[in-house]
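Just a sequence and a predicted model for now, questions to come.
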Amino acid sequence: MTTMTMVKALNSALDNAMERDDSIILMGEDVGVDGGVFRVTDGLLAKYGKERVLDTPLAELGIVGFGIGMSMAGLKAIPEIQFQDFIYTAMDQIINQMAKLRYRTNGDYTLPMVLRTPYAGGVHGGPYHSQAGEAYFAHTQGLTVVTPSNPYDAKGLLLSSIELNDPVIFLEPKRLYYATKGDVPDDYYTVDLRKANILKEGDDLTIITYGPTVPLVMDTVNKNNVNADVIDLRTINPFDVDAILNSVKKTSRAVIVTESPRLFGVSAEISATIAERAIDYLAAPILRVSSLDIPVPFALEDYYVPNEQKIMKAINKVLQYR
Amino acid sequence: MTTMTMVKALNSALDNAMERDDSIILMGEDVGVDGGVFRVTDGLLAKYGKERVLDTPLAELGIVGFGIGMSMAGLKAIPEIQFQDFIYTAMDQIINQMAKLRYRTNGDYTLPMVLRTPYAGGVHGGPYHSQAGEAYFAHTQGLTVVTPSNPYDAKGLLLSSIELNDPVIFLEPKRLYYATKGDVPDDYYTVDLRKANILKEGDDLTIITYGPTVPLVMDTVNKNNVNADVIDLRTINPFDVDAILNSVKKTSRAVIVTESPRLFGVSAEISATIAERAIDYLAAPILRVSSLDIPVPFALEDYYVPNEQKIMKAINKVLQYR
Amino acid sequence: MEVEIMIEEADISNEKVLEAYRNLVMERMLDKKMLNASRQGFLPFYIPLMGHEAIHIGIGLALRNIDYFYPYYRDFGALVQLGIPMDMIMSQVFSNASDNELGRDMPDHVSFKKYNIGAVITPVAGHLMSAAGIAYAKKYRKSDGAVLTTFGDGATSTPDFHVAMNFAGVYDLPMVFLCENNGFAISVPTYPNEEGQSDAYEETRGPIYKKAEAYGFEGIRIDGTSFLEVYKQTRKALENASNGPVLIEAMTYRMGPHSTADDPNKYRKDEVPEGSDKDPLIVNQKILKDMGILTEKKIQDINNEIDDLTSKLVDKYEKAPKPDKKTILDNLYETDPWYITEERGDIE
Amino acid sequence: MEVEIMIEEADISNEKVLEAYRNLVMERMLDKKMLNASRQGFLPFYIPLMGHEAIHIGIGLALRNIDYFYPYYRDFGALVQLGIPMDMIMSQVFSNASDNELGRDMPDHVSFKKYNIGAVITPVAGHLMSAAGIAYAKKYRKSDGAVLTTFGDGATSTPDFHVAMNFAGVYDLPMVFLCENNGFAISVPTYPNEEGQSDAYEETRGPIYKKAEAYGFEGIRIDGTSFLEVYKQTRKALENASNGPVLIEAMTYRMGPHSTADDPNKYRKDEVPEGSDKDPLIVNQKILKDMGILTEKKIQDINNEIDDLTSKLVDKYEKAPKPDKKTILDNLYETDPWYITEERGDIE
Ligand SMILES: Cc1ncc(C[n+]2csc(CCOP(=O)(O)OP(=O)(O)O)c2C)c(N)n1
Ligand SMILES: Cc1ncc(C[n+]2csc(CCOP(=O)(O)OP(=O)(O)O)c2C)c(N)n1
Ligand SMILES: [Mg+2]
Ligand SMILES: [Mg+2]
């Protein structure tokens, strides 16, 4: 057990996995000699060599496609996209090849691979280093979309993702990379991909969140003594529907907090699922707290993202609703 | 006024617009000499010449990007993507340049352009000629996402889209291209992009749908004597929130029908909006009818899409709910 | 990639050449009959092959059992020549219950992993980076052989072509890129028209084979109407691929429509009519006659035999049962998520 | 494109050359001071320029008032040389309230439509097809001049590079592609390392300037450390662009980190230290001395003058007010949709 940042926890996961399994190959821009722009792959080139840690040309389409081919051929690729904002030239590879390969061949080919990428805000990177595009992946049938909220989960979820025999989009909330440290086992362990984490129990309402906004929600709830169930989804698709419904049936009130813009985002699906399956239990509207429905503005990012005030406004509205 | 198919109505819209405005340029694969694989651009090369109707190399990224540049320079580009399924190599251009240009430059550049593409099923085209990916565009801040459901709207909405000083994703339900004919004025006219179309009024429930599933919903409702408000959204983003809320407040029950898969799709946003703003009026769960949450299977497409039976099941469940 | 191997070494004896010719005739005849099946509604969609037969047969001859083949949608004959069981090929084309893909993908979009054959994908060039990744796996595992991947002339305009060629160069991948240049991407000509001949712009100004230089490796242009030429050059490229990639531009003409949804009269005059000098069937008959392998009589005998065989084949697969609708939700993930389990309940 | 024109014809008199040299010094000094501002927290992010100055000044000299310029993020000095008001440039870099973009985009991501300058975009090469479209508009409208677009060496690996080069060839666009080859894309070298020197793979095997041949037009390699050379070659290319596109590979070295988030010591040794023979500042001082335009004394005078000027400039913009948060929801669409109107209520 060591106290470490999320970056170190992810690095440790990759190291543990690569040590066990020589079919694992990393690839991406600056992941090798440089050790990754956020240092997640630091030291791995030195340890595993340039056959297993590949600096690539500047082409996200190539990074993802190279990984797909390797995984088709029995290796296990872990490509990195330097910022999620740059993933879109690879979108055809992700939606049309990666996500559909198992289904369209009826399992003739399977595709165990983990596409890692730092995502969402927190580094004041403007419209192209801050995007929270999880909804694009969540709506793509065949992908598993995971996002950790703390160092322990980061390592355990990454190792579970590597074990999965299906493609994973692993979204790393870059605002949490160095934000806090946590106790993380040095050895190999996994965290169940299909189970949400109930971070706190309470009777008055249910707050559903994941990834980058989890610490914000916990701080807000603790500081304001909110008596809430707080659910960290961990996996966005397939999400843990039982954890959500059980809690909402208990509390009758729900608020969903995400960093991505609201419209047509992941929080809409959570809300719709509740509205479909637990309407009789509801005593208040289902509210969503999110970023504004605009691109991420460079200078005004702080006014763009959800904050304590906005979350408390929604909580109070839901709690006071009669 | 002429009775025509949706294809002809779209062709007529392009013809009317190009006649008026020599800044309009069409481009895409096989849109010129061939007249488009669905014949939407038939005859336009002969009439307007190869400077205004451009056959392009096989690169969706190029087709969209070329259009963006032209529209930045004061022209009005109307690129065509041959099938929506192939749009993803252009996703970076769409999400990062097209959608954000006005916002990130604070209006220094504006981008009047209409990206047309045949979408959704109906031609038995399998996983790559049938996708209904409207959710990807709806979640992209800065885009206007339009989809017509009949020949009259097709022409009027396309002309409104061409008039707009912002980028439009114009999704043409290919299953409706030749399905029915309708009366369409030969002259120029527009249909309001931000107003939903109330196709039918009724007191028992509200059915919200758009584009490819509109005729199916109308047939189902008529055949089964369902006493429903039927709302055709026409524009998915920004959708007409008042039309939805006014109706649901009247009927207390809502079913949303889309051809795209359900999870994290457009219907989730409609449901969430209702759950957020009209919960007190609801007498039943908000249900969604959609395609299955899988890629489109070639041989079994008929079992994949929504049908009368699935829609009636949801309607009956909502109506009988106590 | 430890999978069962069926691809045989090509022993280019006269018998082998004659067998290859028979396969070429088979492709031609099957093509017509499948086109016909499509007109009659047995096949909702079909991709014609006429003009490509010599490339296909040549590829089939060239591939060794150590190689991997990632085809595109217009490579039917290569599969036949490789010796993939006809039952697998035909079941796929007719989307039957016995299709190993269960009718999930379009006709000609095969996936034969156990024969080291990739999963054909519709988006043009969408497989090229997958092929590169497979080539990297070969290199990493130090296994023998190379990867051959095919694509059309239109594919060279795509993002994927550029990126895959560049990766192949940078990582020195054991890989052969084979472009089946049939002169058109649907209606768009590969190269500039003669002045005034058409109002279509073209795919590109640079000759395709020369594009390899941009990535630091060699490109060659070959005659794609002679299967022996295709065999020879492709085999050589595969054998040398351990020294790095090669691009081959095989020249031919698409003699039919692009697909059953296409009408070429809208945009071109047919420059290579069936039975003309440039028709690969005629070209190869002439070559084999000159070699003394084929006679007029033999041509007739083969025609009669294959006509019968292919009629029976198409007849059989036209009528075979389709996949059960209950299978529709299988194999999205290894383990069904809750919503797939729920949706199974909706498939009655 | 009827917009106000500021870009002046370059009259390459000695005065003009000296003014260009002053701008080069200004770029060098501003660069240091802005880097410093970034260390002190006044600039959250900054893209260093050292090594690129001669390319920038040369470009600024070459562009005519009939041309359009679509730059990338590392072209600060070109804007200065073009005569864009310093207030506009500096307000953008410091994301101030007077920035015409209202601080929406990152430093160096300018958008100056009225000066015929494109909106710089972060995704590498994401602007190349826009530049092609703008070139098409010029051609369609039969307006004079050409489009110049710049990008790094890493950009040549992208999908966008290939597609834009191909479109430029096919439509014979009046367009100059200028690659500022500084040897690195962050940590990845452009061309193969000498054996064993580094464990990094490279961007490409083919020399960049030769890639133009794949698209049917000409590519040239030039010395990017002499602004007169860059001026001459770029001007010539712009003048000839009505005959079709050109690719220019301008060779230099990135003397600083990639950005303020980067530490080059992690992956390379500095091969061109400041003040060394290959430093563009030194290179151009030497050239101008040889031409009799510059003396040691003059160099010192200019240094002193510009040092003062740039200090005041940075000081001023460091302290200028930031955009009002109330502006945050402006200009997503021409007409606010209901949800934007609603969200305005949340910005108190
Ligand atoms: C990315 C993409 N865009 C468009 C299409 C539609 N389409 C299918 S085949 C084709 C032309 C391909 O031409 P070529 O590569 O020359 O191959 P050929 O069909 O001539 O063998 C087009 C445009 C597609 N399948 N994928
Ligand atoms: C599509 C994309 N991928 C990754 C990045 C992150 N990134 C920013 S600059 C850069 C390197 C660019 O190198 P080059 O094109 O040589 O330009 P230079 O910065 O050296 O001037 C990278 C990888 C990006 N901005 N866009
Ligand atoms: Mg072709
Ligand atoms: Mg560089």
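Arrived safely, thanks for sending. Ligands and ions are numbered 1, 2, ... in the order given.

use CA for all of it now, contacts and neighbours both
Will do.

Which residue would be the closest one in the stretch 1-150 of chain A to chain D?
Using Cα to the nearest Cα, the single residue of the stretch 1-150 of chain A nearest to chain D is residue A:57, 4.5 Å away.

burial measure for that residue, as a count.
Using other Cα atoms under 10 Å in any protein chain shown, residue A:57 has 29 neighbouring residues.

I'd like the distance between it and residue A:30.
With distances taken as Cα to Cα, to the nearest Å, residue A:57 is found 9 Å from residue A:30.

Could you tell me which residues touch both of those two?
Taking Cα atoms under 8 Å, 6 or more residues apart in numbering or on different chains as the contact rule, residue A:57 and residue A:30 both touch residue D:188.

give me the beta-bridge partners of the nearest residue to residue A:235 once chain neighbours are set aside?
Spatial nearest neighbour of residue A:235, excluding adjacent residues (Cα to Cα, 6 or more residues apart in numbering or on different chains): residue A:146 at 4.3 Å. Beta-bridge partners for residue A:146, by DSSP bridges, are residue A:170, residue A:235.

thought residue A:35 was touching residue A:46?
No. Using Cα atoms under 8 Å, residue A:35 makes no contact with residue A:46, being 9.5 Å away.

quick one: low-confidence parts of the stretch 201-348 of chain C?
C:348 (pLDDT under 70).

And whichever strand or helix holds residue C:35, what's buried?
Assigned by DSSP states H and E, residue C:35 belongs to helix C:14-39. Residues of helix C:14-39 classed as buried by neighbour count (16 or more other Cα atoms under 10 Å in any protein chain shown): C:17, C:20-35, C:37-38.

re the thing from before, comparing residue A:35 and residue A:46, which shows the higher neighbour count?
residue A:35 (22 against 13).

how near is that one to residue A:312?
40 Å.

Next: residue C:346.
41 Å.

now swap in residue A:50 and tell me
50 Å.

swap in residue C:347?
On the measure of Cα to Cα, residue C:347 and residue A:312 end up 44 Å apart.

again with residue A:99
Residue A:99 is 38 Å from residue A:312, by Cα to Cα.

Surely the residue of the stretch 1-150 of chain A closest to chain D is in contact with residue D:204?
Yes. Residue A:57 lies in contact with residue D:204 (Cα under 8 Å); the separation is 7.2 Å.

More neighbours: residue A:99 and residue A:312, which one.
Using other Cα under 10 Å, the more surrounded residue of residue A:99 and residue A:312 is residue A:99, with 26 against 17.

for the more buried one, phi and psi?
phi -70, psi -30 (degrees, to the nearest 10).

and the longest helix for chain A?
If you go by DSSP state H, chain A has its longest helix at helix A:6-20.

okay, now the domains of chain A?
In terms of domains, chain A is parsed into A:2-184, A:197-320 (source: automatic domain parsing).

Tell me where the stretch 51-200 of chain A is predicted with low confidence.
For the stretch 51-200 of chain A, no range has pLDDT under 70.

Can you get me a residue count around whichever residue of it sits closest to ligand 4?
Minimum separation of the stretch 51-200 of chain A from ligand 4 (Cα to the ion) falls at residue A:58, amounting to 10.5 Å. Residues lying near residue A:58 (other Cα under 10 Å) number 26.

nearest residue to it other than its sequence neighbours?
residue D:157 is the one closest to residue A:58 (Cα to Cα, 6+ apart), at 5.4 Å.

residue contacts, the one you found?
So residue D:157 contacts A:57-59, C:162-163, C:166, D:203-204 (Cα under 8 Å, 6+ apart).

surely residue C:125 meets residue C:164?
No. At 9.3 Å, residue C:125 and residue C:164 do not qualify as touching, with contact defined as Cα under 8 Å.

quick one: secondary structure of the closest residue to the residue of the stretch 1-150 of chain A closest to chain D other than its chain neighbours?
Distances taken as Cα to Cα, 6+ apart put residue D:203 closest to residue A:57, at 4.5 Å, once the chain neighbours are dropped. With DSSP: H, G, I helix; E, B strand; the rest coil as the basis, residue D:203 sits in coil.

how about residue D:203, what does it touch?
So residue D:203 contacts A:56-58, C:170, D:153-154, D:157, D:185, D:188-192 (Cα under 8 Å, 6+ apart).

distance of it from chain B?
Distance from residue D:203 to chain B, counting by Cα to the nearest Cα, to the nearest Å: 21 Å.

give me phi/psi at that residue?
The phi/psi pair for residue D:203 (degrees, to the nearest 10) is phi -70, psi -40.

Output the below-cut-off pLDDT ranges for the stretch 1-150 of chain C.
Checking the stretch 1-150 of chain C against pLDDT under 70 turns up C:1-11.

Contacts only, for the residue in it that chain B sits nearest to.
Closest residue of the stretch 1-150 of chain C to chain B, Cα to the nearest Cα: residue C:104 (4.5 Å). By Cα under 8 Å, 6+ apart, residue C:104 lies in contact with A:103-106, B:126-127, B:296-300, C:95.

Repeat that for residue A:85.
Residue A:85 touches A:119, A:128-131, A:133, counting by Cα under 8 Å, 6+ apart.

go with 10 Å
A:117-120, A:127-133, B:92, B:95-96, D:122-123 (Cα atoms under 10 Å, 6 or more residues apart in numbering or on different chains).

where along the chain do the strands fall?
Assuming you mean chain A. Ranges of strands within chain A are A:2-4, A:24-28, A:53-55, A:76-80, A:114-119, A:144-146, A:168-173, A:182-184, A:197-200, A:205-209, A:228-232, A:235-237, A:254-261, A:287-291, based on DSSP state E.

Wait, chain C was what I had in mind.
C:68-70, C:111-112, C:117-119, C:147-152, C:175-181, C:184-185, C:188-189, C:218-223, C:246-251.
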